[in-house]
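Peer 1: below: sequence and its predicted model.
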Amino acid sequence: MSRKAAVVTLTALAPISWGSTYVVATELLPPDRPLFTGLMRALPAGLALLALTRTLPRGVWWWKSAVLGALNIGAFFPLLFLAAYRLPGGVAAVVGSVGPLFVVGLAALLLGERPTVRSLLAAVAAAFGVSLVVLKAGAAFDLVGVLAGLASAASMSAGTVLTKRWGRPQGVGPLAMTGWQLSAGGLLIAPVALLVEGAPPALDARAAAGYAYLALANTAVAYWLWLRGIERLTATAVTLLGPLSPLTAAVLGWALLGQALGPVQLLGMAIAFGATLAGQWTPRSRPMFSSAERNAQKVSMDLEGSPVRR
């Protein structure tokens, strides 16, 4: 396995993990508490990583971490769960699948990543494939839910591009950066959750297990892999791994909840997965000179740069 393939594979584990969020939220967690769910997913994970890395931001990274935490966590989590609670899972997944299109545009503006026909087609094909997998006839469209889904996709997309643009401070690893963002995002969610939803609900063993899974595997580990991937891949390539999340959710729904997967859904999975693979392919650039031309150029430069013998 090549180095890039290994990076892509590890990064892909993040959206695959996020695909389990729908099952956990609907089967284990208290209903109608999207803000509290976002809080319990982010803040415990962030504080655990801060304790593990023992590294705090310095200088400009205090406000940069706050901005990234707001975009990737503080706004994204509540909006995501609001969309999930107000929309059928399929509709929420389709609305969220437009994220790669946002990233393609933002990457062109902020990173100089020139959009290609291949990346645009891959983004459109991924959204189309996801729609075939998860949309069902008669699916309800709640305006608030749709707007929340679009806003969550835009927030995460902006966070992905800014994470790529800003990088990380020297000597600080992705694990510490993950802790900064999760802690900042969780602290932003906390007062809003208290004001809007009131006191935290009583938790039984099932809910406690669900929140523990979301905080550790689904958030701490997954976001570390995601931020690590953003550092090593293009923003467009990373975000085109996102469709793996609704595809995983569909497979888990079939395996655990008895949901059907017919020919149309399987076709959609193939299209979305193919688009994800296409988004990782980088064509080799054609060399500007042939080897003979390079050798001739080198000889010429050596002659021109040689000292004159007297």
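Peer 2: Cool, the structure landed. Numbers count the residues shown, from 1 in each chain.
Peer 1: run a quick neighbour tally on Y213.
Peer 2: 17 (other CB atoms under 10 Å). All C-beta spots, glycine's among them, are computed from the backbone N, C-alpha and C.
Peer 1: where along this protein do the strands fall?
Peer 2: Ranges of strands in the chain, per DSSP state E: none exist.
Peer 1: where does pLDDT dip in it?
Peer 2: Applying pLDDT under 70 to the chain flags residues 1, 88-92, 136-141, 282-310.
Peer 1: P34 is in contact with P78, correct?
Peer 2: Yes - between P78 and P34 there is a contact at 5.7 Å, judged by CB atoms under 8 Å.
Peer 1: burial of L257, as a residue count?
Peer 2: L257: 11 surrounding residues under other CB under 10 Å.
Peer 1: the residue lying closest to it once chain neighbours are set aside: neighbour count?
Peer 2: Spatially, and ignoring its direct neighbours in sequence, L257 is nearest to V23 (7.0 Å; CB to CB, 6 or more residues apart in numbering). When neighbours are defined as other CB under 10 Å, V23 has 18 of them.
Peer 1: and V23, how far from A48?
Peer 2: From V23 across to A48, the span is 23 Å (CB to CB, to the nearest Å).
Peer 1: and for W18?
Peer 2: The gap separating W18 from A48 is 18 Å, by CB to CB.
Peer 1: any chance you could map the helices in the stretch 201-310 of the chain?
Peer 2: 205-215, 222-232, 235-239, 244-257, 263-280, 291-305 (DSSP state H, counting those that start in this stretch).
Peer 1: before we move on, back to that, compare W18 and A48 (neighbour count), which wins?
Peer 2: Taking neighbours as other CB under 10 Å, W18 and A48 compare with W18 leading, 22 against 17.
Peer 1: how much space between the more buried one and A205?
Peer 2: Taken as CB to CB, the span from W18 to A205 is 24 Å.
Peer 1: what of G179?
Peer 2: When G179 is compared with A205 (using CB to CB), they lie 27 Å apart.
Peer 1: comparing those two, which shows the higher neighbour count?
Peer 2: G179 (27 against 8).
Peer 1: tell me if I'm right that the more buried one and P57 touch.
Peer 2: No - using CB under 8 Å, G179 is not in contact with P57, being 9.9 Å away.
Peer 1: so what's the closest residue in space to W224 that isn't next to it in sequence up against?
Peer 2: In this structure, W224 finds its nearest non-sequential neighbour in T178, 4.5 Å apart by CB to CB, 6+ apart. By CB atoms under 8 Å, 6 or more residues apart in numbering, the contact set of T178 is 46, 49, 220, 223-224, 227.
Peer 1: give the buried residues for stretch 185-193.
Peer 2: Residues of stretch 185-193 classed as buried under the neighbour-count rule (16 or more other CB atoms under 10 Å) are 185-190, 193.
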